[in-house]
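Student: here is a sequence together with a model predicted from it:
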Amino acid sequence: MRENIKIFGQEIEYQKVYRPVKYPRLEFKSNNLVVILPRGYRKEKELLIRHQKWISQKRAFITRVLKKSAGLHLDLSADLSEFKEKSSCIIEEYAEELQVSIGKITFRKMKSKWGSCRGDGHITVNSLLRFLPEKLVRYILFHEVLHRMERRHNQKFYGMVKSKFGDIKATEENLLAYYFLLEKHFFRGNVHG
């Protein structure tokens, strides 16, 4: 169900979704605000007003990144088998550098993650990464291999990522811009990304 609320003088449309959750939460799916509520919860307007600063800031950030994504280009001719081979080599390179073991490496199209690393060292890589610049691919693959050393996204984890790749915030913003571009090409109209 779509509704509107005025936040800082600006009309904001949001989608209200009831789920079997304990606490309400706010999410953005692309530039769309989604209010996830426990069944029977009727105070979403108060929730939105209470978090209006966050909503306004997040929406401005997403709008900026969406504009940035319009100037980016995807290499849609990128070959999947070449990408798999190259990514596997990069993963092995990082595993050796970090002196960790890696399990199986799999590739699949994912809507909400760039990759994952299980406790047993099994790494899954989003096959859509093949359309991104190599620097961003390396960033993601290092991130996943690093989880073999540091499971959580804590200060030590991000310190190691920063020492290898520099400005994490700018890199994450670039990844989001590319995500919006991929979403436009691969998910809109088919499935919600």
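Tutor: Arrived safely, thanks for sending. Residues are numbered from 1 along each chain as shown.

Student: got the domain boundaries for the protein?
Tutor: Following automatic domain parsing, the chain resolves into domains at 2-70, 80-186.

Student: tell me the most buried of the ones you listed?
Tutor: domain 80-186 (a mean of 16; mean count of other C-beta atoms under 10 Å). C-beta coordinates here come from the backbone N, C-alpha and C atoms, glycine included.

Student: first-to-last residue distance for it?
Tutor: End-to-end span of domain 80-186 (C-alpha to C-alpha, to the nearest Å): 15 Å.

Student: repeat for stretch 71-84
Tutor: Start-to-end, stretch 71-84 (C-alpha to C-alpha) is 27 Å.

Student: what does that stretch contact?
Tutor: Phe107, Ser127, Leu129, Arg130, Phe131, Leu132, Ala177, Tyr178, Leu181, Leu182, His185 (C-beta atoms under 8 Å, 6 or more residues apart in numbering).

Student: what about the last one, which helix or strand?
Tutor: For His185, the element it lies in under DSSP states H and E is helix 168-186.

Student: any idea which element the closest residue to Ile168 other than its chain neighbours lies in?
Tutor: Excluding its sequence neighbours, the residue lying closest to Ile168 (C-beta to C-beta, 6 or more residues apart in numbering) is Lys162, at 5.4 Å. In this structure, Lys162 sits in helix 155-165 according to DSSP H and E.

Student: chain center to that helix: distance?
Tutor: Relative to the centre of its chain, helix 155-165 is centred 18 Å away, using C-alpha atoms, centre = their mean, to the nearest Å.

Student: over to stretch 92-102?
Tutor: Taking C-alpha atoms, centre = their mean, one finds stretch 92-102 lying 24 Å from the centre of the chain it belongs to.

Student: now it - C-alpha only, PDB.
Tutor: In PDB, the C-alpha atoms belonging to stretch 92-102 read as follows (Å, rounded to 0.1, in the frame of the first residue of the first chain):
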ATOM      1  CA  GLU A  92      43.600 -17.200  -4.700                       C
ATOM      2  CA  GLU A  93      46.000 -14.300  -4.800                       C
ATOM      3  CA  TYR A  94      44.300 -12.600  -1.900                       C
ATOM      4  CA  ALA A  95      44.000 -15.900   0.100                       C
ATOM      5  CA  GLU A  96      47.800 -16.300  -0.300                       C
ATOM      6  CA  GLU A  97      48.400 -12.700   0.700                       C
ATOM      7  CA  LEU A  98      46.200 -13.000   3.800                       C
ATOM      8  CA  GLN A  99      47.500 -16.600   4.500                       C
ATOM      9  CA  VAL A 100      44.000 -18.100   4.700                       C
ATOM     10  CA  SER A 101      42.400 -21.100   3.100                       C
ATOM     11  CA  ILE A 102      39.500 -20.900   0.700                       C
END
